[in-house]
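**Q** Pasted the sequence and its predicted model underneath.
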Amino acid sequence: MTIQNDTGNVEGESPQDSAVVDALLAELKDDQGATKRAALRRALEVDDASGPEPRDESSDPDDARVSNDVRIERLQATVESLAAYTDSLEAFLDENGTAETVLADVQTGLDDTRDELETLSASVADLEATDADHADRLAATETRCDSIEDAVKTLAGQLADLEKATEAAVKTLDDQWIALEGRVDTFEQRLDILSERVDDATSTVNSRTRRLESALADLESAVDEQFAELDRDLERELDALRDDRSATDDDVDAKIDRLASRFEDRIANIEADLSDDIMDVEKTLVYTSNDLEEEIESLAAEIDDLESQSGDRE
């Protein structure tokens, strides 16, 4: 690169370098706030406060030329960096559009993200509501489980009480059954005894009946004999009266009265003896019958009681 000292123009400058310089000048012209100028001064190591350095007339012209060449090269490097930045910026803008387009895309993405977040929030709220409903249902289920456990415990206690009551009832029924069996044995023994007593009473009644029949037969025979003897005595007295012609009617009547009196006395004695025997037999029959009836009634009552207890057990 060759520089003319008098004019300060750069010789051999290419069209690309010219375009870079034009772009640099445009950037510096549009620079608001002098940000890019400050950056350029820092890159060129130019102090704004000091202003342009006074030219030392006594300095060597060759040294000044070298200093200017260094500054120009540094400026050219800075311009090239700025051109590369500009190229990158142009490529980015070609690919993604302007800042408004990028911001619009970003805003659209943010809106989509916001919608997705709202949808996700709604889903989370639904899930939280579902979780709350599930929690309520779980709490209700736990409450029901607690109630069921309490009911099971209550039923278990009732079952245990029922088992105890059943065991006690079974034991009581067993004891009652044993007692009933003992009573049945006693009844059977009493029935045997009663049967024996009935047999004895029947035998006694039969014996006394036979004795009474025999006594009645003897009495009838004695009565017949007495009547026959009375008839004979009466016949003899009548014959004696017939033979006694001297007897008066009064005597005959007196003898007849005496005979009738004797006959009545003897009949009365016979009837008295017969009545005593009959009364003895009747008393014996009554006593025996009463004893048998009382024993039978007592046995029947005990049998009814036994049947009632057997029915309750069933």
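**A** Ah, there it is.
**Q** All the helices of the protein, residue numbers only.
**A** For the chain, the helices defined by DSSP state H occupy 15-30, 35-44, 61-96, 99-243, 249-313.
**Q** now these as TSV including mean pLDDT?
**A** Formatted as TSV, the helices of the chain follow (pLDDT from 0 to 100):
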stretch	mean pLDDT
helix 15-30	56
helix 35-44	58
helix 61-96	72
helix 99-243	81
helix 249-313	71
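**Q** Make CSV out of the ones you listed and add mean neighbour count.
**A** For glycine as for every other residue, the C-beta is placed from the backbone atoms N, C-alpha and C. Formatted as CSV, these follow (neighbours: other C-beta atoms under 10 Å):
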stretch, mean neighbour count
helix 15-30, 12
helix 35-44, 14
helix 61-96, 12
helix 99-243, 12
helix 249-313, 12
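**Q** how does this structure divide into domains?
**A** 2-96, 174-313 (automatic domain parsing).
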